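Enquirer: model the following, please.
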Amino acid sequence: MPGRPPPPRRHEPAPGIVAPRADQPLRGGAKFLLVLSAALAIAVFYLFVVGAMVVLLVFLAAELIAFVALLRFGFARFLTPFLQRHSQLLMLFLRSAWIPSRVDFRVPITASDAPPLFDFLRELSRRMKVPAPREVLVEMNAGAWVRLHGLRRGASATTLGLGYDLIAALTEREIEAVMAHEMAHAKFVRRGLKRLLNGGLTRSARLAGALSDQVEVYRRAHQSFELAQGLLAIAHRWARLCARLVAAYSRQDEFEADLGAAEICGSGPLRSSLLKLERMGRNGPHWAGTNASPNSNAATDSAVGWRRNYRRRKRAPSPPRRTYSTPTPPTPPCTTGSRRCRRIPTAGAEPPRHRTPRPARCAGRAPGRRDSPRGAVGGTPRRS
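Expert: Numbers count the residues shown, from 1 in each chain. A predicted model of the protein is given here:
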């Protein structure tokens, strides 16, 4: 119809709808601003850690001097709780700066085990102008990742990881598209910057978790630790900011890798592989793999996927609990002639008969006195 505006294209958002910055590719100054913000956030976090450690060291030095001065008067025991609290906080900051190595359950494969796979990797590396993977590992999940060595993009060799479920579920062209996506990471990712951001994010999360556990210990003991609570508030907010910025930067790396894989293998196999992996991830862990190392490109995406799955399980209603009744075991037969055993019913016995109440003239007898019925063995006849 004349005068009617044409419908918006699919790759352009409709008027009035603005896509989130983390869910669309950024170019030029916008991407540089995102990288600069993430790097500054990590740098400020390191400055916060150094400043907090310096303050704690000053507190400990002053308390040690006061402890030695009060030791000869017998009042040093009043400073012991403060020394313990501040030393524990200092150890938390020191431990958070160290990222422990994790045990990986992976199986390396060689060119003799899968010749077509290594032939495709060599051809793919030649077309992308990057070194071929130094090592190819297989693990028990539905993920794929690449571990980047060195500091510059596309400079050093890499380690490629493939999940056994991914190899079993996808077709040959879809597997090639996934490997092209991972090799595109080896070409486009700034390895030094990526390692700096992932390391800072991991350390900030470890510090926030350790401070939260420390505050919880004092809270359960009905005690307050104001210094730890203040440090926790700062560390928690800064860890959330770092996670948001690093996740946005990682999404830009994913966009570049998708574009590089689509240029090599086409968009059809890449799209079908992503849809299959998404369906597989709904019934299990995130497809990026839970065993990815902090230096791999899948480390940030696996953390985001784990948090999303955890929130989904938390919102889901829990199934009704079943209650099981344990049958009462049968009562063993009475083998003695005691008065207590006479009250236990035996199998096949008649139900006990209720005694008729005594007449009113007997209600005045002394408590605890029992009379045997007339005619019973060993009984005493009543007196009239």
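Enquirer: tell me which residues of the one helix or strand residue 95 maps to are tucked away?
Expert: Take DSSP states H and E as the rule and residue 95 turns out to sit in helix 80-96. Neighbour counts over helix 80-96 (16 or more other CB atoms under 10 Å) mark 82, 83, 85, 86, 89, 90, 92, 93, 96 as buried. To be clear about C-beta, it is placed using only N, CA and C from the backbone, and glycine gets the same treatment.
Enquirer: residue 139: which of those is nearest?
Expert: residue 96 (27.7 Å; CB to CB).
Enquirer: just give the nearest non-adjacent residue to the closest one, would you?
Expert: residue 207 (3.9 Å; CB to CB, 6 or more residues apart in numbering).
Enquirer: now the one you found: how far from residue 132?
Expert: Separation of residue 207 from residue 132 (CB to CB, to the nearest Å): 38 Å.
Enquirer: any weak-confidence spans in the protein?
Expert: Per-residue confidence for the chain (pLDDT under 70) gives these ranges: 1-22, 154, 283-384.
Enquirer: redo that, cut-off 80
Expert: Across the chain, residues meeting the criterion (pLDDT under 80) sit at 1-23, 74, 102-104, 150-157, 281-384.
Enquirer: and the strands in it, which stretches?
Expert: 107-109, 135-139, 144-148, 158-163 (DSSP state E).
Enquirer: check which residues of the third one are buried.
Expert: Just to be clear, that refers to strand 144-148. Across strand 144-148, burial judged by 16+ other CB under 10 Å covers 144, 145, 146, 147, 148.
Enquirer: next up, the contacts around the third one.
Expert: Residue 146 sits next to 133, 158, 159, 160, 161, 182, 183, 185, 186, 296, 297 when contact means CB atoms under 8 Å, 6 or more residues apart in numbering.
Enquirer: which strand residues bridge the residue nearest to the third one when sequence neighbours are not counted?
Expert: This points to residue 159. Counting by CB to CB, 6+ apart, residue 159 lies nearest to residue 147, which is 4.1 Å off, once chain neighbours are set aside. Judged by DSSP bridges, the bridge partners of residue 147 are residue 159, residue 296.
Enquirer: from residue 276, how far off is residue 147?
Expert: 24 Å.
Enquirer: burial count for residue 107?
Expert: Residues lying near residue 107 (other CB atoms under 10 Å) number 11.
Enquirer: ok, back up a step: on contacts alone, who are the packing partners of the helix holding residue 95?
Expert: helix 29-71, helix 191-220, helix 226-265 (3 or more CB pairs under 8 Å, 6 or more residues apart in numbering; DSSP states H and E).
Enquirer: including mean neighbour count and distance to residue 138, could the ones you listed go into TSV?
Expert: Shown next, in TSV, are the helices and strands packed on helix 80-96 (neighbours: other CB atoms under 10 Å; distance: least, CB to CB, whole Å):
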stretch	mean neighbour count	distance to residue 138
helix 29-71	15	32
helix 191-220	18	23
helix 226-265	18	20
